[in-house]
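Undergrad: Build the 3D model from these lines:
(2 chains)
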Amino acid sequence: GNSVTQMEGPVTLSEEAFLTINCTYTATGYPSLFWYVQYPGEGLQLLLKATKADDKGSNKGFEATYRKETTSFHLEKGSVQVSDSAVYFCALSFYTGTASKLTFGTGTRLQVTL
Amino acid sequence: NAGVTQTPKFQVLKTGQSMTLQCAQDMNHEYMSWYRQDPGMGLRLIHYSVGAGITDQGEVPNGYNVSRSTTEDFPLRLLSAAPSQTSVYFCASSTAEGRTYGYTFGSGTRLTVV
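TA: Here you go, the predicted structure:
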């Protein structure tokens, strides 16, 4: 079956540090890949996505590249801020002809300190 | 604001009680789904629907019922609550090809069963 594996957290960084959160996936075929972010007490928000190999998704300074050869979709940001503190979820989906269904990783908590 | 609305935000139930978690969206999305979020396990799919009158089971359907009589609403019913159902529940919606536009999530319902 399909699955997503994320690096375990929590990840604690100082403000302006470089961020990488690793994500790898297992799937038959070519899924779409997503990063969602969950701020404390809130629901999930779509952060970025990529729908085919070598696509780069980007938003709010975050980037991730769909790497088919390594089945990875690592999240990066060059300089994190305290406001980036949240839980980040990697996810994949397939379109089956009737609908797409999301499969999530377990989430990685990021804490950014001054 | 357009989006996914979940009610209630918080609920405490006694073991054996029943209740319905409400979910409504105003984006005319065909696809709606329910997830539960538990520590260390990410989000797991409970039930989903690809349109009015059509529902199917996800990864963890036991103990939950759903129906979809309209495009807008997708309620989740707990027939006889158990402590194992203590969790945060999220409703999500998308177009059928959710990989193109991503999913929209509600803000969640935190349920405690005592």
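
Undergrad: List, one by one, the residues from chain A near chain B.
TA: Proximity of chain A to chain B (C-beta under 8 Å from any C-beta of the partner chain) is limited to residues A:4, A:31-32, A:34, A:36, A:42-46, A:49, A:51, A:89, A:93-95, A:98-107. Just so you know, the C-beta spots here come from the backbone N, C-alpha and C atoms, and that holds for glycine as well.

Undergrad: filter those residues to the buried ones?
TA: Among those, those classed as buried by 16 or more other C-beta atoms under 10 Å in any protein chain shown are A:4, A:31-32, A:34, A:36, A:43-44, A:46, A:49, A:51, A:89, A:93-95, A:99-107.

Undergrad: Cross the residues you listed against strands and list the overlap.
TA: If you go by DSSP state E, these have A:4, A:32, A:34, A:36, A:44, A:46, A:49, A:89, A:93-95, A:100-104 in strands.

Undergrad: Now flag whichever of the residues you listed is closest to residue A:17.
TA: Nearest to residue A:17 out of those is residue A:89 (C-beta to C-beta; 21.0 Å).

Undergrad: Run through the residues that contact that closest one.
TA: Neighbouring residues of residue A:89 by C-beta atoms under 8 Å, 6 or more residues apart in numbering or on different chains: A:6, A:35, A:36, A:37, A:38, A:44, A:104, A:105, A:107, A:108, B:42, B:43.

Undergrad: Make JSON lines from those and add distance to residue B:87 to it.
TA: JSON lines is the format used below for the contacts of residue A:89 (distance: C-beta to C-beta, whole Å):
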{"residue": "A:6", "distance to residue B:87": "20"}
{"residue": "A:35", "distance to residue B:87": "23"}
{"residue": "A:36", "distance to residue B:87": "18"}
{"residue": "A:37", "distance to residue B:87": "20"}
{"residue": "A:38", "distance to residue B:87": "14"}
{"residue": "A:44", "distance to residue B:87": "15"}
{"residue": "A:104", "distance to residue B:87": "14"}
{"residue": "A:105", "distance to residue B:87": "17"}
{"residue": "A:107", "distance to residue B:87": "14"}
{"residue": "A:108", "distance to residue B:87": "20"}
{"residue": "B:42", "distance to residue B:87": "12"}
{"residue": "B:43", "distance to residue B:87": "10"}
